[in-house]
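Peer 1: quick one, structure for this:
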Amino acid sequence: MPDSLLYAVALVANLTGLAWLALSMDVHWEQVRGPVPPARGTVVLLRWLGGAVVAASLAVCLSVDHGSMASLVWFMVLAGSALTVAFTLAWKPRLLAPLVAWVPATAPR
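Peer 2: The predicted structure is shown next:
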C-alpha cells in the first residue's frame with residue numbers, strides 16, 4: 001500500500017478517535033445528539049474506541065516510517081485532527097452525528 005494512503009488512513013483514524021473522545025463528554029454529546037444524555041456504557045465505549053483508534057493511527061504511522069519521523073507525523077496529524085474536531089464542534093457539530101449513529105437516540109442513563 002502506498003505511504004500516502006497509509007498516512008490518509010492515520011489521519012482518518014485520528015479524526016474519528018478524537019471525535020469519539022469528544023463525544024464522550026456530555027457537553028459535546030448534547031451539541032451533536034440533543035439533550036438526552038448517553039448511557040454510561042456508551043460513554044465508556046466511546047472512550048475506549050477513541051483511545052484505541054488514536055493508538056492504531058500511531059501504529060499505522062510507525063509501519064510507514066522509522067520511529068522518529070513516524071512519531072513526528074503522528075503528532076502533527078494529531079494536532080491537525082484536534083483542531084478539525086474543535087472547529088467542527090464550534091461551527092457545525094451535527095456533522096459528527098454519523099460517528100455515533102449506532103447509538104439509540106433515547107439511551108437511558
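Peer 1: who touches S24 in this structure?
Peer 2: Contact analysis of S24 by Cβ atoms under 8 Å, 6 or more residues apart in numbering lists 38, 43, 46-47, 50. Every C-beta, even on glycine, is put in place using the N, C-alpha and C of the backbone.
Peer 1: 7 Å instead, please
Peer 2: Neighbouring residues of S24 by Cβ atoms under 7 Å, 6 or more residues apart in numbering: 43, 46-47, 50.
Peer 1: farthest residue from the center of the chain?
Peer 2: For the chain, the largest distance from the centre (Cα atoms, centre = their mean) belongs to H66, which lies 24.5 Å off.
Peer 1: now, the contacts of S24 that are in helices?
Peer 2: Among the contacts of S24, the ones falling in helices (DSSP state H) are 43, 46-47, 50.
Peer 1: ok, now which ones touch the most centrally placed residue in the chain?
Peer 2: When Cα atoms, centre = their mean is applied to the chain, the residue found nearest the centroid is G17 (2.2 Å). G17 makes contact with 50, 53-54, 57, according to Cβ under 7 Å, 6+ apart.
Peer 1: how about S63?
Peer 2: By Cβ under 7 Å, 6+ apart, the contact set of S63 is L6.
Peer 1: helix/strand/coil for it?
Peer 2: helix (DSSP: H, G, I helix; E, B strand; the rest coil).
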